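S.K.: Here's a sequence, model it:
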Amino acid sequence: MKIAFATRDSVHINAHFGSASQVDVYDVDASGSTFLETLTFGGNLKEDGNEDKLAPKVEALHDCAIVYVSAIGGSAAGRLLRQNIAPLRGETEADDIQAVLAQLVEMLNGSPPPWLRKVLANHQLHSFEDDWTDDFADDFETTQEEVLV
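M.R.: Next up is the predicted model:
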């Protein structure tokens, strides 16, 4: 599963979601974690209630299961949740990304807590729906047309 971190230094979870100019994305499974990419965002990212800055971030994170942030507004959290992306706040801005990744791997190798099981279930369902749409939507539309003719 993909996990994202709003960060200013690629070391700590130290950026507010809305004003983050950088989000680091990792792939995490029971065998470990792998850095995938750094997403960068420009424009007016000030924490001023500017809702236009949220859409590109939510779209860029569409295939992530979790986004760790230092803080997040209600509107942004709602947008992420509607896309089956769980926004999680770090305890402090000193929270280390690598430590969180190691903790996630450890949880995946044991008995994941209820919140993580829910995230995994929501993300797998969301991924299945995307795969189904990508793989079978054209066939389904053709079948519908044939039935209607």
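
S.K.: From Ser33, how far out is Ser19?
M.R.: Per C-beta to C-beta, to the nearest Å, Ser19 is found 25 Å from Ser33. (Glycine included, C-beta is placed from N, CA and C.)

S.K.: what does Val69 give?
M.R.: 18 Å.

S.K.: Pick out whichever of those two has more residues nearby.
M.R.: Val69 (25 against 17; other C-beta atoms under 10 Å).

S.K.: Bridge partners for that one, pull those for me.
M.R.: Arg89 (DSSP bridges).

S.K.: Correct me if wrong: it contacts Gly18.
M.R.: No - using C-beta atoms under 8 Å, Val69 is not in contact with Gly18; the gap is 9.0 Å.

S.K.: Mutual contacts of these two, please.
M.R.: Jointly contacting Val69 and Gly18 under the rule C-beta atoms under 8 Å, 6 or more residues apart in numbering is no residue at all.

S.K.: Walking through the chain, point out its helices one by one.
M.R.: Using DSSP state H, the helices found in the chain span residues 54-60, 74-82, 97-109, 114-148.
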